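Trainee: fold the following.
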Amino acid sequence: MALNEELAIDLLEIKAVQLNVDEYFTWTSGIKSPIYCDNRLTMTYPVIRKKITDAFIAMIDRLDQKPDVIAGCATAGIPHAAWLADRLQLPMVYVRSKPKGHGKGNQIEGQVIRGQKVLVIEDLISTGGSAIEAAKALQQEDVEVISVFAIFTYGLEKAKHQFAVAKLPFATITGFDQLVEALVVDQKLTQNEKEELIEWRDKLK
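Mentor: Numbers count the residues shown, from 1 in each chain. Next up, the predicted model:
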């Protein structure tokens, strides 16, 4: 089994990803969704944490440019960025959603140096907004953001569009499509239900 399919199953088993086709969840944006993803739960499971780090390393191996620094998006991207940076023995920083309201007013915690190549780690890509904002904050420090990596994506067209406009490459370990396929294989979802879910996702703007 491919790692992206295996991790989709892992996320379901620990309830980091939950699916309810009868009673939709409400996202922060107000969108009603049959799926809810909380990758913070992965912190509790060392075996799954390691799989995520292994997958990120394999993704880095496929990049034309290699990172000098790993940057985590606050807050859920921070632990995964830390584990990845530790494995690679690279410097790490993290990026707040906005500058701190006191002290030095930092948005980036840790040090980046002009010209460094930075890889941004996020836990989840929905519309892509938070990861793109983190990347822009880093770019203002005259570093090069070579890519954004995340654990899971809903596969929304809006995210693809926003990353394209920002001229930022991104990649994820697993996502909505692998998730629904795993549920079909496990006979927890019919082919018709799978198609309905993909149709729901593809209609989101």
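Trainee: residue 136 reaches residue 167, doesn't it?
Mentor: No: if you go by C-beta atoms under 8 Å, residue 136 and residue 167 don't touch, sitting 11.0 Å apart. Glycine gets a C-beta too; all of them are placed from N, C-alpha and C.
Trainee: which of the two has more neighbours?
Mentor: Higher neighbour count among residue 136 and residue 167: residue 136, with 13 against 8, using other C-beta atoms under 10 Å.
Trainee: what's the closest non-adjacent residue to that one?
Mentor: Once flanking residues are discounted, residue 136 sits nearest to residue 166: 7.4 Å by C-beta to C-beta, 6 or more residues apart in numbering.
Trainee: before we move on, what about residue 125?
Mentor: residue 153 (4.2 Å).
Trainee: quick one: secondary structure of residue 135?
Mentor: The local conformation at residue 135, judged by DSSP: H, G, I helix; E, B strand; the rest coil, is helix.
Trainee: what's the answer for residue 72, then?
Mentor: Look at residue 72: counting by three-state DSSP, its state is strand.
Trainee: what's the mean pLDDT across the helix or strand hosting residue 124?
Mentor: Applying DSSP states H and E as the criterion places residue 124 in strand 117-125. For strand 117-125, mean pLDDT is 97.
Trainee: the residue nearest to residue 125 and residue 118, how far apart?
Mentor: Per C-beta to C-beta, to the nearest Å, residue 153 is found 20 Å from residue 118.
Trainee: any idea what residue 120 is bridged to?
Mentor: Following DSSP bridges, residue 120 is listed with bridge partners residue 71, residue 148.
Trainee: same deal with the one 4 residues further on?
Mentor: Per DSSP bridges, the residues bridged to residue 124 are residue 152.
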